[in-house]
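Trainee: Following is a predicted model, sequence given first.
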Amino acid sequence: MKISKTDIHEMIASLLNVDVEYVENIKEDEDLMMYGMTSISCIKLVVMLEEKYNFDLKDEDLLIGKYNTFNKLFALLDNY
């Protein structure tokens, strides 16, 4: 399965209620929590990803520290 960076950026932009261009300018290794992501928005992101790409994250992959940067998020999603 190929996860689209554009899709991820759009999902996060909608969760943060900002333009996608704002999200595209976040560096790949910056903590998304610095930009307004919360534990609730992280859960919403997981649900969006699971619904769009039709998979379930394993329980051990639900820790926020495993997907709080774009680098970590894309590395994690590559396993699915």
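Mentor: That came through fine. Residues are numbered from 1 along each chain as shown.
Trainee: which one is Lys52 nearest to, not counting chain neighbours?
Mentor: Using Cβ to Cβ, 6 or more residues apart in numbering and skipping the chain neighbours, the partner closest in space to Lys52 is Asp7 (6.6 Å). In this view, the C-beta of every residue, glycine as well, is placed from N, C-alpha and C.
Trainee: same deal with Glu10?
Mentor: For Glu10, the nearest residue in space outside its immediate sequence neighbours is Val20; the separation is 5.5 Å by Cβ to Cβ, 6+ apart.
Trainee: number of nearby residues for that neighbour?
Mentor: 14 (other Cβ atoms under 10 Å).
Trainee: just wondering, since we're on it, how far is it from Glu60?
Mentor: Here the distance between Val20 and Glu60 works out to 30 Å (Cβ to Cβ, to the nearest Å).
Trainee: How about Met37?
Mentor: Between Met37 and Glu60 the distance is 20 Å, computed by Cβ to Cβ.
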